[in-house]
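Asks: from the sequence below, what's the structure:
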Amino acid sequence: MKILRFGDDRVGVLKNDDMVVDVTGLIKGSGSIGPQAVMEELIGNGDQYRSQLESLVASENGVPVDGLTLLPPIPRPSRVLAAFSNYLDTPERKREDVPEEFFYKDPDVVGPEGSVNLSDLPGVVVHQPEAELAYVIACGGRNISTDDAMDHVFGYIGFFDISARGLTRRSQLIPKGQATYAVAGPWITTRDEIPDPHNIWVKSWVNGQVRQDYGTEHMAVRIPEQIAWLSRFINLHPGDIVATGTYHIGLGPLNDGDVAEIEVEGIGKTRVFAYGGGPPRLAEFRPGMTQVERPPGGMSRV
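Replies: Presented below is the predicted three-dimensional model:
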């Protein structure tokens with residue numbers, strides 16, 4: 001099942017890949033609680049809603065998806081987390097070389113056809129869109145075991161982790177956590193439709209030219225391990241988004257006027273538009289390999 005948001009904060013289910021059935025009325029509290037609470041109700045109680053959703057979708061024709069304005073699949077999750085350096089993308093890199101680490105992205109997620117507003121900061125040599133598979137937490141909690149972890153996944157989405165390269169900072173707030181630097185869409189594909197999230201393809205384009213093109217089998221710390229590790233330290237909630245990291249081969253610049261697209265196998269394709277950022281920044285940059293000069297005081301000033 002593919003669940004999306006559209007129009008005036010409506011919730012829909014994609015039918016036959018080209019039609020959308022409005023299911024908003026089935027969700028408890030719709031019309032009296034906010035859009036984020038509506039999605040958390042649906043996601044946190046997905047098993048209870050499934051039969052009702054399937055019955056309504058089977059009985060309705062729906063409307064063409066092409067005529068709808070799609071919204072971010074989750075309007076403002078309690079948190080958006082992204083895995084740090086989580087792919088075996090060089091021959092010499094081994095699982096034991098990969099740290100279990102995450103950083104926060106801005107929770108005001110940009111959706112399909114949305115705008116990424118690039119900042120013009122001294123020290124930034126290039127902006128790069130990192131194409132990633134992300135998952136949405138269903139029932140949350142603490143200290144979740146790896147054996148139980150996949151039961152806490154509601155579904156999957158495509159995700160762009162927009163990154164400002166070249167800064168030396170003590171956190172990822174400026175390089176990765178700025179407003180509009182988290183892109184998700186086009187919809188949530190429920191877990192049952194992706195039998196093995198560690199065996200699907202991720203692809204990205206900028207201005208129609210292929211950038212990244214990789215399989216998730218190269219993921220080092222896999223989703224059950226991620227959930228177990230994260231839940232040791234934080235309480236996961238329904239609707240939280242966790243991006244699984246990226247395969248760095250193919251990364252390139254993103255500048256004013258560019259169009260970036262991501263497609264994840266079995267999930268869907270999302271397009272966004274980049275604005276701002278000052279003069280074009282075109283430096284070649286490979287995370288973890290490109291050397292950055294450390295500024296006076298050890299931290300880039302912004």
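Asks: what residues does the lengthiest helix in the chain touch?
Replies: Counting by DSSP state H, the longest helix found in the chain is helix 46-59. Residues outside helix 46-59 that contact it (C-beta atoms under 8 Å, 6 or more residues apart in numbering) are 1, 13, 15, 21, 23, 26-27, 42, 138, 154, 190. (C-beta placed from N, C-alpha, C; glycine too.)
Asks: okay if I get those as CSV plus secondary structure, neighbour count and pLDDT?
Replies: Formatted as CSV, those follow (DSSP: H, G, I helix; E, B strand; the rest coil; neighbours: other C-beta atoms under 10 Å; pLDDT from 0 to 100):
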residue, secondary structure, neighbour count, pLDDT
Met1, coil, 19, 97
Val13, strand, 22, 98
Lys15, strand, 18, 98
Val21, strand, 18, 98
Val23, coil, 21, 98
Leu26, helix, 15, 97
Ile27, coil, 19, 97
Leu42, helix, 25, 98
Ala138, coil, 22, 97
Phe154, strand, 24, 98
Thr190, strand, 21, 98
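Asks: among those, which one sits closest to His237?
Replies: His237 lies nearest to Ala138 out of the contacts of helix 46-59, by C-beta to C-beta, at 10.1 Å.
Asks: if we ignore the residues flanking it in sequence, what's nearest that closest one?
Replies: Phe154 (3.6 Å; C-beta to C-beta, 6 or more residues apart in numbering).
Asks: quick one: the most centrally placed residue in the chain from Gly268, how far?
Replies: The centre of the chain sits closest to Phe159, judged by C-alpha atoms, centre = their mean, with a distance of 2.8 Å. Between Phe159 and Gly268 the computed distance is 12 Å (C-beta to C-beta, to the nearest Å).
Asks: what's the domain layout of this structure?
Replies: Using automatic domain parsing, the domain parsing of the chain gives 2-71, 80-288.
Asks: end to end on the shortest one, go ahead and measure it.
Replies: Translated: domain 2-71. Across domain 2-71, the terminal residues are separated by 14 Å (C-alpha to C-alpha, to the nearest Å).
Asks: now do the last one
Replies: The stretch domain 80-288 measures 23 Å between its terminal residues, going by C-alpha to C-alpha.
Asks: off-centre distance for stretch 9-16?
Replies: Averaging C-alpha positions (C-alpha atoms, centre = their mean, to the nearest Å) puts stretch 9-16 19 Å from its chain's average.
Asks: quick one: the helices in this structure, in order.
Replies: With DSSP H as the criterion, the chain has helices at 35-44, 46-59, 173-176, 223-233.
Asks: what's next to the first one, contact-wise?
Replies: In this structure, residues lying in contact with helix 35-44 by C-beta under 8 Å, 6+ apart are 3, 5, 9, 11, 24, 27-30, 33, 49, 73-77, 136-140, 154, 188, 237-239.
Asks: swap the cut-off to 7 Å and go again
Replies: For helix 35-44, contacts defined as C-beta atoms under 7 Å, 6 or more residues apart in numbering pick out 9, 11, 27-30, 49, 74-76, 136, 138-139, 154, 238-239.
Asks: out of those, which sit inside strands?
Replies: Using DSSP state E, the members of these that fall in strands are 11, 136, 154.
Asks: ok, and the closest non-adjacent residue to the first one?
Replies: Put plainly, it is Val11. Excluding the flanking residues, the one nearest Val11 by C-beta to C-beta, 6+ apart is Thr24, at 4.8 Å.
Asks: quick one: contacts for that neighbour?
Replies: 10-11, 30.
Asks: next one, pLDDT for it please.
Replies: If you check Thr24, the pLDDT there is 98.
Asks: and Arg301, by the same measure?
Replies: 89.
Asks: same check, this time on Ala58
Replies: The predicted local confidence for Ala58 is 97.
Asks: swap in Arg294?
Replies: 82.
Asks: which residue is the nearest non-sequential neighbour of it?
Replies: Here the nearest residue to Arg294 in space, its sequence neighbours aside, is Thr168; by C-beta to C-beta, 6+ apart that works out to 5.6 Å.
Asks: burial check on the one you found, number of neighbours?
Replies: Residues lying near Thr168 (other C-beta atoms under 10 Å) number 14.
Asks: touching, it and Met299? I think so.
Replies: Yes - using C-beta atoms under 7 Å, Thr168 makes contact with Met299 at a distance of 5.8 Å.
Asks: quick one on the thing from earlier: which stretch among the helices of the chain comes nearest Phe273?
Replies: helix 173-176 (19.5 Å).
Asks: list the buried residues for that closest one?
Replies: Within helix 173-176, the residues scored as buried using 16 or more other C-beta atoms under 10 Å are 174-176.
Asks: swap in stretch 47-66?
Replies: Buried residues in stretch 47-66 (16+ other C-beta under 10 Å): 49, 53, 56-57, 62-63, 65.
Asks: tell me what the closest residue to Asp258 other than its chain neighbours is bridged to.
Replies: Spatial nearest neighbour of Asp258, excluding adjacent residues (C-beta to C-beta, 6+ apart): Ala274 at 4.5 Å. Per DSSP bridges, the residues bridged to Ala274 are Val116.
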